[in-house]
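1. I would like to see how this sequence folds:
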Amino acid sequence: MAPPKKSKKNKKDGKLKKCKSSSVAPVEPTAPDSEWWDSFWQKSSSNPGPSLWKDEEEGFKHFFRVSRKTFDYICSIVREDLVSRPPSGLINIEGRLLSVEKQVAIAMRRLASGESQVSVGAAFGVGQSTVSQVTWRFIEALEERAKHHLKWPDSNRMDLIKSKFEASFGLPNCCGAIDGTHIIMTLPTVQASDDWCDPEKNYSMLLQGTVDHELRFVDIVTGWPGGMTLSRLLKCSGLFKLCESGNRLNGNVRTLPEGEIREYVVGGICYPLLSWLITPYESSGLLASSVSAFNAAHEAARSLAVRAFSQLKGTWRILSKVMWRPDKRKLPSIILVCCLLHNIIIDRGDILHPDVALSGHHDSGYGEQCCKQVDPSGRTMRENLVKHWQHSRKTAASD
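-> From the prediction side, this is the model:
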């Protein structure tokens, strides 16, 4: 290829320099912007009726689910991406470029409230298209920059998780709890296939999550249609493939008088009984007292996953409301970012308002489907756990 002609290149460069020097582009302020909050708070707190918050800090956490300190941390994660991208159209009604803080606030309010883009835009003085654009920019940035907040625990962390589960529920070598939930949506007729229609006749996308003792998600899978069962979703997940191949839940085996106990997670009756996924005994008839007691301990441990999903969908209400014709290619990113934000709240030590979590079950209206698959090694593991649990209770009672 021939080299470029110098005369034309110099001429073009000159034009670019002239253009740059003759116009003033908006510049992202170096100091954090707090002006957006003053305007938003004044508008939001001036409604008639009794105040819901004792002070601005509590009001801030109500609207954005996080403390100001955690909000600033989130801004720091995405700042480079939000500043470096073309700011076309991202302006206030007053004509000023949106600060990173205001962009993050708009996106987090949209995710937290689940309100329409029009309603969120009105609260911030921006248009519907700006809310859409800002929210997606934020989701893309956080999905890329906050991956470290959702990862499988290393061996040291896993040892802590196992010790907490054993201390709280008497389940040795337990590494977490697993559950799944439906994200309900409406779909245009051309996209409304039976695959996406779930047992309750809703169109939905599934989310499977494994959590630790602090309700932190350590593994998720989403993007699959709601017409699948949770047991089938499990088998499509990376978690299943890794555990079945011996590359996950492969830590130290506990050798007890009752038998060997490998690492495992607990799940409901919708899952198969496997060597690494322990489900409860079916309670269709009379159960021995030791089995009933084990089931109670198992349910208490499993309920951590149920609580985590109630917290997730209650905090980020966009997941608990019916989504209006979402882009199914983008929806998994929205779900993932809500899980990342859920974990960031825990990692930063924020305390959520008690009224935030859903008051009912996170999958209200959905019956739990029973999976009949039983792996012999899983049956043996569960029997060993029952014997250990019974022996431990007797030992504790005699002390």
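2. how near is the residue nearest to Arg307 when sequence neighbours are not counted to Leu111?
-> Excluding the flanking residues, the one nearest Arg307 by CB to CB, 6 or more residues apart in numbering is Leu215, at 5.9 Å. C-beta coordinates here come from the backbone N, C-alpha and C atoms, glycine included. Counting by CB to CB, to the nearest Å, the gap from Leu215 to Leu111 is 18 Å.
3. what of Arg379?
-> Counting by CB to CB - Arg379 and Leu111 are separated by 42 Å.
4. of these two, give the one with the bigger neighbour count.
-> Remark: of Arg379 and Leu111, Leu111 carries more neighbours, 23 against 14, as counted by other CB atoms under 10 Å.
5. so that one, which of the three states?
-> Three-state call for Leu111 (DSSP: H, G, I helix; E, B strand; the rest coil): helix.
6. surely it and Leu341 touch.
-> Yes - between Leu111 and Leu341 there is a contact under CB atoms under 8 Å: 7.2 Å.
7. intersection of neighbour lists for those two?
-> Contact criterion CB atoms under 8 Å, 6 or more residues apart in numbering; residues shared by Leu111 and Leu341: Trp316.
8. pretty sure Ala300 is in a helix, no?
-> Yes - if the criterion is three-state DSSP, then Ala300 is within a helix.
9. quick one: residues contacting it.
-> Contacts of Ala300 by CB under 8 Å, 6+ apart are 168-169.
10. using the three-state scheme, assign Phe138.
-> helix.
11. how much space between it and Lys102?
-> 11 Å.
12. could you do Ser245 as well?
-> Per CB to CB, Ser245 is found 47 Å from Lys102.
13. and if you look at Glu368?
-> According to CB to CB, Glu368 and Lys102 sit 43 Å apart.
14. just Ala146 next, same as before
-> Here Ala146 is placed at a distance of 20 Å from Lys102 (CB to CB).
15. that older thread, hang on, the residue nearest to Arg307 in a strand?
-> No - Leu215 is assigned coil when assessed by three-state DSSP, not a strand.
16. which one of Ala146 and Lys102 is surrounded by more residues?
-> Shown here are Ala146 and Lys102; by other CB under 10 Å, Lys102 has more neighbours (23 against 20).
17. check the secondary structure at that one for me.
-> helix.
18. with adjacent residues omitted, what lies nearest to it?
-> Here the residue nearest Lys102, using CB to CB, 6+ apart, is Trp36, at 4.0 Å.
19. tell me who's in contact with that neighbour.
-> Trp36 touches 99, 101-102, 105, 124, counting by CB under 8 Å, 6+ apart.
20. between these, which sits nearest Leu277?
-> Among the contacts of Trp36, Ala105 lies closest to Leu277 (CB to CB), at 40.4 Å.
21. mind listing what that closest one touches?
-> Residues near Ala105 by CB under 8 Å, 6+ apart: 36-37, 40, 64, 71, 124.
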